[in-house]
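Asker: Just need the structure, nothing else, for what follows:
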Amino acid sequence: MRRKTNMNPYHDHHIVRIRRKMTRSHYLNKAVYKYSRYELTIPSKYKDLQVEAKQEDNTLIIRAKPAERLGEDS
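Answerer: Below is the predicted model of the structure:
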């Protein structure tokens, strides 16, 4: 049985969820290659974000900032 772990100590709703999925690819029915795919789920009310993800060594760094809109004066 798989247990759920609550990674949110404030018992509030999760704003962003990161999921890791293992994907398998077959090559000529002989070799099988496995690699990880990451999904970043963001609620629709935060859809105007510019998200950048990169890997440094063994760390995944995700940066999100408000997207710039053309024609708006701040």
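Asker: Who does whichever strand or helix holds R37 pair with, and is each partner parallel or antiparallel?
Answerer: If you go by DSSP states H and E, R37 is part of strand 31-41. Looking at strand 31-41 with DSSP bridges, its partner strands are strand 17-27 (antiparallel).
Asker: what pLDDT, on average, does the partner strand get?
Answerer: Per-residue pLDDT over strand 17-27 has a mean of 86.
Asker: Not counting its neighbours along the chain, what's nearest the residue most central in space within the chain?
Answerer: Residue closest to the average C-alpha location in the chain (C-alpha atoms, centre = their mean): L40, at 2.3 Å. Excluding its sequence neighbours, the residue lying closest to L40 (C-beta to C-beta, 6 or more residues apart in numbering) is I18, at 5.8 Å. The way it works is simple: take the backbone N, C-alpha and C, and place the C-beta from them, glycine included.
Asker: Count the residues that sit near the one you found.
Answerer: 13 (other C-beta atoms under 10 Å).
Asker: Show the contacting residues for A64.
Answerer: A64 makes contact with 16, 42, 49-52, according to C-beta atoms under 8 Å, 6 or more residues apart in numbering.
Asker: what number of residues lie near M22?
Answerer: For M22, the count of nearby residues is 8 (other C-beta under 10 Å).
Asker: Ignore what I typed, I meant T23.
Answerer: Neighbours around T23, by other C-beta under 10 Å: 9.
Asker: out of everything not next to it in sequence, what's closest to it?
Answerer: Distances taken as C-beta to C-beta, 6+ apart place R37 nearest to T23, at 5.2 Å, with adjacent residues excluded.
Asker: Likewise for V16?
Answerer: Nearest in space to V16, with sequence neighbours left out and distances taken as C-beta to C-beta, 6+ apart, is I42 at 5.5 Å.
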